[in-house]
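Enquirer: Kindly return the folded structure for what I paste below:
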Amino acid sequence: MATKILVIHGPNLASLGEREVAVYGKFTLDEINKTLENLAKKEGIQLEIVQLDSEGAIVEKIGKARKEFQAIVINPGAYTHYSVAIRDAVASVSIPVIEVHLSNIYAREEFRHKSVIAPVAAGQISGFGINSYLLGLKAAVDLLGKK
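Expert: Next up, the predicted model:
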């Protein structure tokens, strides 16, 4: 069975490359996805990549993931800071979840300094732009290799 990893881009990430470029960078979501797909090919894994704005859709996708995927890489966007529903969904799956952020959430506004997701995730990577996603995917692959 091929290793499958789910990548979830949260709310407002579809407008990357246009929105707050000084914070999030010039990469578009399509460019991030292509870069992830290239790394996945090198690693010999399959990816499914989705962008979901709705909290409920993210919760539903995470809940169903344990049946099809071996790990999740997620950028929960603004939900990072307050979504107990996404936190509980992450806690309920028995697969590694890596939380990623393009910007350094700890160098931004005070309300962004707390992640309700991080305590139930396998780990968190933030502040490295597109490399946060690549490092997150590599971390997921490494965690799976150690199982």
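Enquirer: Could you use CA atoms for every contact and neighbour count after this?
Expert: Noted.
Enquirer: Now for the closest residue to A91 other than its chain neighbours: which residues touch it?
Expert: Ranked by Cα to Cα, 6 or more residues apart in numbering and with sequence neighbours excluded, the top spatial neighbour of A91 is V120, at 5.4 Å. The neighbours of V120, taking Cα atoms under 8 Å, 6 or more residues apart in numbering as the test, are 87, 90-91.
Enquirer: So which of these is the closest to Q70?
Expert: Closest approach to Q70 among the contacts of V120 (Cα to Cα): V90, at 13.1 Å.
Enquirer: what helix or strand does the closest one sit in?
Expert: Per DSSP states H and E: V90 is located in helix 84-92.
Enquirer: so what secondary structure elements neighbour that helix?
Expert: When contacts are defined as 3 or more Cα pairs under 8 Å, 6 or more residues apart in numbering; DSSP states H and E, helix 84-92 packs onto helix 55-65.
Enquirer: tell me which residues of the helix it packs on are tucked away?
Expert: For helix 55-65, a neighbour-count test (16 or more other Cα atoms under 10 Å) marks 55, 58-59, 61-63, 65 as buried.
Enquirer: Mind putting those into JSON lines with pLDDT?
Expert: Output for the buried residues of helix 55-65, formatted as JSON lines (pLDDT from 0 to 100):
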{"residue": "E55", "pLDDT": "97"}
{"residue": "I58", "pLDDT": "97"}
{"residue": "V59", "pLDDT": "98"}
{"residue": "K61", "pLDDT": "98"}
{"residue": "I62", "pLDDT": "98"}
{"residue": "G63", "pLDDT": "96"}
{"residue": "A65", "pLDDT": "96"}
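Enquirer: export those residues to TSV and tack on distance to V97?
Expert: Listed next are those as TSV, based on distance: Cα to Cα, whole Å:
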residue	distance to V97
E55	17
I58	13
V59	13
K61	13
I62	10
G63	12
A65	11
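Enquirer: Of those residues, which pair is most distant in space?
Expert: Greatest spatial distance among these (Cα to Cα): E55 and A65, at 15.4 Å.
Enquirer: Distance check, the residue nearest to A91 against F111.
Expert: Distance of V120 to F111, given as Cα to Cα, to the nearest Å: 19 Å.
Enquirer: Which stretches in this structure count as helices?
Expert: 21-24, 29-43, 55-65, 84-92, 130-145 (DSSP state H).
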